[in-house]
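# Predicted model follows, preceded by the sequence.
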Amino acid sequence: MASLQDIRRRIASVRNTSKITKALELVASARLRRAQQRIEEMRPYADRMQELMVGTAKAASSFRNLPLLQRREVRKIGVVVFSGDRGLAGPFNGQVLRRSFQLERDERGEGHEVVWAVVGRKGASTLRFRRYEVAAHWEGFVDQPTYHDAQAIAHKLAEMYTAEEVDRVVIVYNRYVSPLVQRVTVSDLLPIPEHVLEGSKENDEKDAKEQALRGDFIYEPEPEEILERLLPVYLETEIYRALLESAASFLASQMAAMRSATSNANDLIDRYTLQMNRARQAAITQEILEVVAGADALTA
């Protein structure tokens, strides 16, 4: 059995660790609330952006030849992985990487070459450790992304697509559902899906009513030119949404992991405390036995 001094040292060490994990939990919780707020603030903008694209596409006579809409035979697929810059976030990095590798196996099974792009230090280090070549890599802003970061990523991906370095681009990220639930999501990014420009039936009925009240629009410049300018902005918006979802998922996973670590540390402190009390009781009992044995020896 360990000595009392060793047990006390272990208790002090675990208690110090629990203070760190508790502090990390509180920081992640505060940042998560801000991340949730940013997602809510961004949704109306994203919805309005799609409405503008749908309306402009309906007014355009021909837009299928725009660079970000052109479809071609898929030989190379770009897979963009949204990981974290740090660990200590539970399954956050592991689950998105596992899904990415599963996607790679599926695409290679269909004869497609996979071109990797990674957001986050952990994903890039894992891919390089496995001897994969990373075509593009961004880091340093994963838990607090800005729209400028999304613009940089969107510009690079659009450049790769229009230069035919890839024939299709998909993103793999953790979609935030709640503090306890984050789901890995695979979403087509390029070419921009047709359903984005078609809208839903409900939106069509709403647009028809609004159009009847407003009358016909006069577009200046032509709708095709407006749509060509809107498509890169839509791409930036989708990247920004994925960054925000991934950031919220990272913070939620970190908060849950640190809460679990703090709870485990407290349980360990309780066990060590019980062990220390037993060791102390055994030491006291041993001292009493020695005193009694000494007294018996004197009276014998």
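Received it, and whenever you're ready, just let me know what you need.
# Specify the local secondary structure of Asp85.
For Asp85, the assignment made with DSSP: H, G, I helix; E, B strand; the rest coil gives coil.
# these two touch, right, it and Val119?
No. The criterion here is C-beta atoms under 8 Å, and Asp85 misses it with Val119 at 9.2 Å. C-beta: built from backbone N, CA, C; applies to glycine.
# Spit out the residues that contact those two alike.
Glu139, Val142 (C-beta atoms under 8 Å, 6 or more residues apart in numbering).
# what about the residue nearest to Met255 when sequence neighbours are not counted, distance to Met258?
Distances taken as C-beta to C-beta, 6 or more residues apart in numbering put Ala28 closest to Met255, at 3.9 Å, once the chain neighbours are dropped. Look at Ala28 and Met258: by C-beta to C-beta, to the nearest Å, they are 6 Å apart.
# Gln151 too?
Per C-beta to C-beta, Gln151 is found 32 Å from Met258.
# more neighbours, Asp85 and Val119?
Val119 (27 against 18; other C-beta atoms under 10 Å).
# what pairs with the more buried one across the strands?
Beta-bridge pairing for Val119 (DSSP bridges): Phe82, Trp138.
# quick check, distance from the helix or strand hosting Arg183 to the centre of its chain.
Using DSSP states H and E, Arg183 maps to strand 181-190. Mean C-alpha position of strand 181-190 versus that of the full chain (C-alpha atoms, centre = their mean, to the nearest Å) differs by 10 Å.
# Which residues are in contact with the residue nearest the centre of the chain?
The chain has Ser246 as the residue nearest its centroid, 2.6 Å off, counting by C-alpha atoms, centre = their mean. Contacts for Ser246 (C-beta under 8 Å, 6+ apart) come out as Phe82, Val119, Val142, Pro145, Tyr173, Asn174, Tyr176.
# confidence score at it?
Looking at Ser246, its pLDDT reads 92.
# before we move on, what about Asn93?
90.
# I'd like to know how far it sits from Gln5.
For Asn93, the distance to Gln5 - C-beta to C-beta - is 39 Å.
# Which of those two has more residues huddled nearby?
Each of Asn93 and Gln5 has its neighbours counted (other C-beta under 10 Å); Asn93 has more, 25 against 9.
# I'd say that one and Asp85 touch.
No. Using C-beta under 8 Å, Asn93 is not in contact with Asp85; the gap is 9.8 Å.
# hey, what's in contact with both of those two?
Common neighbours of Asn93 and Asp85, counting by C-beta under 8 Å, 6+ apart, are Gly120, Lys122.
# quick one, strands of this structure?
Using DSSP state E, the strands of the chain run over 76-82, 113-119, 134-138, 168-178, 181-190.
# residues making contact with the last one?
Same thing as strand 181-190. For strand 181-190, the surrounding residues in contact (C-beta under 8 Å, 6+ apart) are 68, 78, 80, 92, 95-96, 99, 103, 157-158, 161, 166, 168-177, 235, 238-239, 242, 245, 249, 252-253.
# Give me the buried subset of these.
Among the contacts of strand 181-190, those classed as buried by 16 or more other C-beta atoms under 10 Å are 68, 78, 80, 92, 95-96, 99, 103, 157-158, 161, 166, 168-176, 235, 238-239, 242, 245, 249, 252-253.
# Tell me the pLDDT of Gly215.
What the model reports for Gly215 is a pLDDT of 46.
# er, Gln275 actually
84.
# Could you measure from it over to Ser3?
Taken as C-beta to C-beta, the span from Gln275 to Ser3 is 11 Å.
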